[in-house]
Every structure is written in C-alpha cells, then in structure tokens.
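Enquirer: give the three-dimensional model of this entry:
(one chain, ligands or ions: 1)
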Amino acid sequence: MSYITSKNLQESDKEIFDILENELDRQSDHLEMIASENFTSPAIMQAMGSVFTNKYAEGYPAKRYYGGCEEADKVEQLAIDRACEIFKCTYANVQPHSGSQANGAVYAALLKAGDKILGMDLSHGGHLTHGSKPSFSGKNYSAFYYGVELDGRINYDKVLEIAKIVRPKIIVCGASAYAREIDFKKFREIANEVGAILFADIAHIAGLVAADLHVSPFPHAHVVTTTTHKTLRGPRGGMIMTNDEDISKKINSAIFPGLQGGPLIHIIAAKAVAFKEILDPAWKKYAQQVINNTKVLADVLMQRGYDIVSGGSDNHLILVSFLNKDFSGKQADSALGNAGITVNMNTVPGETRSPFVTSGIRIGSPALTARGMKEKEFEIIANKICDILDDIDNTRLQEAIKKELKVLAQDFIIYNKSTY
Ligand code: DSN
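Expert: Numbers count the residues shown, from 1 in each chain. Model prediction:
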C-alpha cells in the first residue's frame, strides 16, 4: 500500500488549509496595488501544482543528467519556443528561479569578480541586483550608478557622461520604480560609445513589451532578463533572453551548473502556460487596459494636488511624492493598508527620509486590471486614495472606505474557493 496520503489538503493539514483560505479572502477583499504583483490564472496554478514537482531534470532539453526527462524536455522546449516568439528573440533560458537569480547569472556569465557595472541607483528606481551595496551585485562587482533628474526622468546625456568616466563592462538598464518609457536604443548607443555590454532588466515592463506597448529591448540589448510574475502575469520565476549564441551558451552554463541545480519543471510548465496566454490576442487588450488604468490614477491624483514623479506615467505604475507634504511614504502605506488598499512605500527623487520611512509610495494597476477593473473603478479608487491621504490620521474614514471598497472588490471575483 502506498505511503502517500490521499487526503486532500483540508483533511491532511487543516492549519495550512485555513491560512490559504485566509490569504484567498485577503487577496479577494483587498485592492492589490503593489506594482510588481499580479494574479495568475487557475490554469497556471494547476501547472505549478502538478506532478512535475517530483521531477529532477538537471541540464537542458535533450541534454539531461537524469533519466525520465522525456516529458520535462517537451515542457521546457515549449516554454523556450513561446518565450522567443513573444519577445522576438533567438535564445531563452527559462530556468532561473527568480529575477535576482537571472541577473546573477548574467553577471556570472559575462564578468569576473571586481569588474565594473553601471546601473540605476536603487533610491532612484533601480533594483538591488543592479549594483546595490547590500546585494551580491554590489559586493562582487565594482558598482557605479546613474539616476534620474529632479523631474523624475533619466537624462541620457548624463548617463553617457558617467559611462565615459566609469568605463563599465556592463551597463544595466531597467527599473523597479520608473514610470516612463526606457529608451533602449539610447542606452545601446551609450554602451557602444564606451565598449560596454548592454543588459536590460525588463522585469517590470515585460508584459507591456510583449504587447508592443513599450519599446522592445531587442535588438538593442545584448542580454535581457525578466521575472515572469509581474506584468507577465505568470508564475513566480525568472528568464534570460538574447540573440547572441555565445552569450546564450555562457548564460546556460552560468545558470546550470553555475548557480542552480535542478530546474523547477512544474514552474517551467506554468511559465509555458502563461506564455500561451500572452500569445493570445486578448493579451494586448489587457496590457492596454493596464496603461489606461494607470493614466486614470495619475490624472486623478494630480487633479487632487498630489505630486506624481515625472508628471504622469507611460506604463503600469505611478510614483507619488510626499516631499511637499507633512507625512511620509510609510504613513501613507499604513493608512491605505488600513483601508484595504495594498501599496508600498518608495523613495523618490530628492529623497529626504530614510529608505525605511521614505517620502513616496508606488502604486500599480496590473493586478486590479487582471480582475477586470477599468477606468471607472480606477477613478473611484484613485479618489478614495486621495480622501485617505487628505486626512491621513482619520482611522474612522479608513475603516469606512475599507467597507466600501470590499463591496467594489466583490464585484470582481478572482478565484473561487476550489482554485488551489
Ligand atoms: N520586489 C520587486 C518589486 O517590487 O519591484 C523587485 O524585485
């Protein structure tokens, strides 16, 4: 008789089951506006929770170190082919467990310890892995930074000036809190002038790139990474792409056996399912709605006197600055959280407070758009955000708005109870 229990989760582990139920309720009743979060489809979750969780498959399709990989090969190849079709590139490695792992593999593949990299300053909207000191990228490599001007935009002439002084081996472009289109062509021109490799991290904007609603990093970047769970709406994970055969070989070795062991084939299966959803014509409508909804957020907040960094947004997020207010990003995050609106505090250009307090918040539209919300709902939500910020210590108001928004949220069901 099998030693594996055939009980379902509720029978097998009531504690975890109850926590999952609570989390489902939280995700359903609250308004998820963290710019890097999204909701995957039940089909993607089904692939994530599949029998591939049992399989080791070190290596790559048709080049495995373990037997029994016939079906794993098919899944990984489909994920690769679909990724290349979406991003119109030649090579994709779908094995990175996360965006940070993907970025680590790019450095490991193309740099020696101590080599110079030039990335966007974390406090200006960059990412930890773009050379920030507490991250491996700032510890193992000699990291230099460019930032944004006080108008919240990248000044490409300044990036060139810095690049000419630094002479980095890699220039990293891409951001975690930048609301404007990134000019990959200009970045490549800068990289060419100083003889650097251009590495684009499109984790935040990949879903818009996939819909041709943000310029593509190809053919400009030598190597491109992304996560698969942000605007791409897939499972949590990372991916690396390139058109350069030599770089692709180095990347493959850097991921396995360099940094990772067995690939998570169940997650790779889920990535493949997500990529199929992205290749559907409906994807473009979703991505366009993400942008439209962000514009409503920006417009309402600006009309109500809030300072939006760069004066608007071209993508899925806005950065709100409270430099001219007497409250911090942390207070705003907490007040909105009390009203059931989940955002994150964020540093802003010209920041005067610590990263643990900040003078801003980042607000994104991908998750609520995935629930089916459009301009009408975003206008209501944006006004509620302003009502809360206008009277930031009014906890009664926060409670009242929480009740109202729960009713709104219930009209946009994400999952039913049997999803997981
Ligand atoms: N945590 C991601 C974000 O929120 O942008 C970056 O890794």
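Enquirer: which residue is the nearest non-sequential neighbour of whichever residue of the chain sits closest to the ligand?
Expert: Minimum separation of the chain from the ligand (Cβ to the nearest ligand atom) falls at residue 36, amounting to 3.3 Å. In short, each C-beta sits where N, CA and C put it, glycine included. Distance criterion Cβ to Cβ, 6 or more residues apart in numbering; nearest residue to residue 36, sequence neighbours excluded, is residue 230 at 4.8 Å.
Enquirer: likewise for residue 292?
Expert: residue 375 is the one closest to residue 292 (Cβ to Cβ, 6+ apart), at 6.0 Å.
Enquirer: looking at that neighbour now. What's its pLDDT?
Expert: The model reports residue 375 with a pLDDT of 98.
Enquirer: list the contacts for it?
Expert: 292-293, 296 (Cβ atoms under 8 Å, 6 or more residues apart in numbering).
Enquirer: from those residues, which ones fall inside helices?
Expert: Under the assignment DSSP state H, the contacts of residue 375 contribute 292-293, 296 to helices.
Enquirer: which residue packs closest to residue 291, ignoring adjacent ones?
Expert: residue 213 (6.1 Å).
Enquirer: hang on, the earlier thing: and the residue nearest to residue 292, what are its phi and psi?
Expert: phi -50, psi -40 (degrees, to the nearest 10).
Enquirer: could you do residue 342 as well?
Expert: phi -100, psi 120.
Enquirer: contacting residues for it?
Expert: 30-34, 336.
Enquirer: dump those residues into a markdown table; add neighbour count as well.
Expert: A markdown table is the format used below for the contacts of residue 342 (neighbours: other Cβ atoms under 10 Å):
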| residue | neighbour count |
| --- | --- |
| 30 | 17 |
| 31 | 24 |
| 32 | 22 |
| 33 | 25 |
| 34 | 16 |
| 336 | 23 |
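Enquirer: including secondary structure, pLDDT and distance to residue 20, could those go into a markdown table?
Expert: Below are those laid out as a markdown table (DSSP: H, G, I helix; E, B strand; the rest coil; pLDDT from 0 to 100; distance: Cβ to Cβ, whole Å):
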| residue | secondary structure | pLDDT | distance to residue 20 |
| --- | --- | --- | --- |
| 30 | coil | 96 | 16 |
| 31 | strand | 98 | 20 |
| 32 | strand | 98 | 17 |
| 33 | coil | 98 | 22 |
| 34 | coil | 98 | 20 |
| 336 | helix | 98 | 25 |
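Enquirer: so what's the residue nearest to residue 291 up against?
Expert: Residue 213 sits in contact with 284, 287-288, 291, where contact means Cβ under 8 Å, 6+ apart.
Enquirer: what of residue 216?
Expert: Residue 216 neighbours (Cβ under 8 Å, 6+ apart): 87-88, 184, 209.
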